[in-house]
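Engineer: starting from these lines, generate the structure:
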Amino acid sequence: MKHKLVLLYQSEKSLEILVKKDSKSSSIALPSIAHEEMIPLSERQGLKCFYATSKTKIKHSDYQWLDLIAIEEFEGSDGAIVCEALGKLWGLFDEGHLTIPSLFKKGHFNKEEITFYGGTFNPWHEGHSECLRKCPAKNIVIVPDSSPWKDRSLARCYYKSYLEICRKFEKTNYSIFPGFFGLEQPNPTSHWIRRLVSTDCSFLMGDDNYKALFKWIDIEELLLNLSNIYVLSRDHSLESLEAVTVQAKEHNPQLNVIFLGDHEFKSLSSTKLRKR
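Structural biologist: Numbering: from 1, shown residues only. Now for the predicted structure:
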């Protein structure tokens with residue numbers, strides 16, 4: 001089976017990645033070489049994927065080192081593989097071994113107290129931005145995600161989409177976690193939250209997601225790991241959400257549910273915007 005490798009090198013000024021040279025194409029591709037310390041990533045259709053870090057800049061006639069944030073787009077599924085590899089090195093699930101560019105992860109990021117804001121964000125719109133503006137939490141991590149059950153464009157480069165979100169929030173306090181963007185396997189929230197190094201986790205979401213909270217996989221375990229849920233109004237009245245709050249507090253009496261109120265962008269929908 002064919003394999004792809006994300007090989008990263010930490011220079012003094014940047015995080016560099018080894019890529020394949022192709023003078024006939026403007027696209028950037030990952031190498032299919034072996035490295036002594038390759039760590040497996042999730043398997044993709046017809047492809048085994050790995051990542052590794054290098055202490056030296058390996059020289060090879062067919063490959064070159066490039067500053068990662070200078071790359072706009074990877075070919076095929078390579079962008080999604082890069083996103084997953086960056087997530088492994090980002091420091092959410094361990095101490096992290098590389099300096100992640102501040103475009104992706106802000107220097108003042110506090111791993112001990114995190115509020116996660118997840119979604120497909122395809123495309124990002126003002127309703128998403130209003131969620132961030134209204135949330136009082138100080139350390140918010142945006143988590144672009146993709147569902148393996150939904151149709152996805154084969155032409156989409158997840159790294160390119162990730163960069164677009166990062167640049168939108170470059171001059172803010174928000175960090176953007178890439179590790180789940182473009183995964184081809186199910187990735188229930190309850191499965192990854194138990195692996196976090198953070199001891200204080202909260203979620204930010206729209207009221208449509210909150211209304212469907214008890215359809216989430218292993219929601220009882222997930223609730224036990226949360227300190228706060230911040231909910232922005234969209235489709236539902238506070239009265240219609242009360243039953244969800246009562247049930248959530250039965251599983252975690254210490255949980256705080258904070259409703260962030262109404263806003264002018266609640267009619268916006270990524271699904272509707274894609275259909276235009």
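
Engineer: okay, CA-based contacts and neighbour counts for the rest of this
Structural biologist: OK.

Engineer: convert the helix or strand hosting residue 247 to PDB, retaining C-alpha atoms only.
Structural biologist: According to DSSP states H and E, residue 247 maps onto helix 238-251. As requested, C-alpha coordinates have been extracted for helix 238-251 and formatted as PDB (Å, rounded to 0.1, in the frame of the first residue of the first chain):
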ATOM      1  CA  LEU A 238     -34.900  29.100  26.200                       C
ATOM      2  CA  GLU A 239     -38.000  27.300  27.300                       C
ATOM      3  CA  SER A 240     -37.500  24.600  24.700                       C
ATOM      4  CA  LEU A 241     -33.900  24.100  25.800                       C
ATOM      5  CA  GLU A 242     -34.600  23.800  29.500                       C
ATOM      6  CA  ALA A 243     -35.200  20.000  29.400                       C
ATOM      7  CA  VAL A 244     -31.700  19.600  27.900                       C
ATOM      8  CA  THR A 245     -30.100  21.700  30.700                       C
ATOM      9  CA  VAL A 246     -32.000  19.700  33.500                       C
ATOM     10  CA  GLN A 247     -30.800  16.400  32.000                       C
ATOM     11  CA  ALA A 248     -27.200  17.600  31.500                       C
ATOM     12  CA  LYS A 249     -27.000  18.700  35.200                       C
ATOM     13  CA  GLU A 250     -28.300  15.300  36.300                       C
ATOM     14  CA  HIS A 251     -25.100  13.800  34.900                       C
END
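
Engineer: from the contact counts, what lies against it?
Structural biologist: Using 3 or more CA pairs under 8 Å, 6 or more residues apart in numbering; DSSP states H and E as the contact criterion, the secondary-structure elements in contact with helix 238-251 are helix 207-211, helix 219-224.

Engineer: quick one: mean pLDDT for the shortest one?
Structural biologist: Summarised as a single mean, pLDDT over helix 207-211 is 94.

Engineer: quick revisit: nearest to residue 33, out of the helices and strands packed on helix 238-251?
Structural biologist: Among the helices and strands packed on helix 238-251, the nearest to residue 33 by CA to CA is helix 219-224 (39.1 Å).

Engineer: mean confidence for that closest one?
Structural biologist: Helix 219-224 comes out with an average pLDDT of 96.

Engineer: so what strands line up beside the helix or strand encompassing residue 8?
Structural biologist: Taking DSSP H and E as the definition, residue 8 sits inside strand 2-10. Strand 2-10 has its sheet partners listed here by DSSP bridges as strand 15-20 (antiparallel), strand 47-54 (parallel).

Engineer: so for residue 183, which of these sits nearest?
Structural biologist: Closest to residue 183 of those, according to CA to CA: strand 47-54, at 11.7 Å.

Engineer: and the closest one, how far from the chain's centre?
Structural biologist: On the basis of CA atoms, centre = their mean, to the nearest Å, strand 47-54 is displaced by 19 Å from the centre of the chain it belongs to.

Engineer: show me what the very next helix or strand once past that strand is packed against.
Structural biologist: The first helix or strand that comes after strand 47-54 along the chain, using DSSP H and E, is strand 63-67. With contacts defined as 3+ CA pairs under 8 Å, 6+ apart, the secondary structure elements packing on strand 63-67 are strand 15-20.

Engineer: and the strands in the stretch 151-276 of the chain?
Structural biologist: 175-176, 200-206, 226-232, 256-259 (DSSP state E, counting those that start in this stretch).

Engineer: what about the helix holding residue 247, average pLDDT?
Structural biologist: The predicted model assigns helix 238-251 a mean pLDDT of 96.

Engineer: what's in contact with it?
Structural biologist: Among residues not part of helix 238-251, those counted as contacts by CA atoms under 8 Å, 6 or more residues apart in numbering are 210, 211, 213, 214, 220, 223, 224, 255, 257.

Engineer: cool, stretch 165-182 as well?
Structural biologist: Stretch 165-182 has contacts (CA under 8 Å, 6+ apart) with 80-81, 83-88, 90, 103-106, 109, 124, 139-146, 158, 162, 187.

Engineer: next one: stretch 215-223
Structural biologist: Stretch 215-223 is contacted from outside by 188, 189, 190, 193, 213, 248, 251, 252, 255, using CA under 8 Å, 6+ apart.

Engineer: redo that, cut-off 10 Å
Structural biologist: Around stretch 215-223, the neighbours that count as contacts under CA atoms under 10 Å, 6 or more residues apart in numbering are 187-194, 202, 209-210, 213-214, 229, 247-255.
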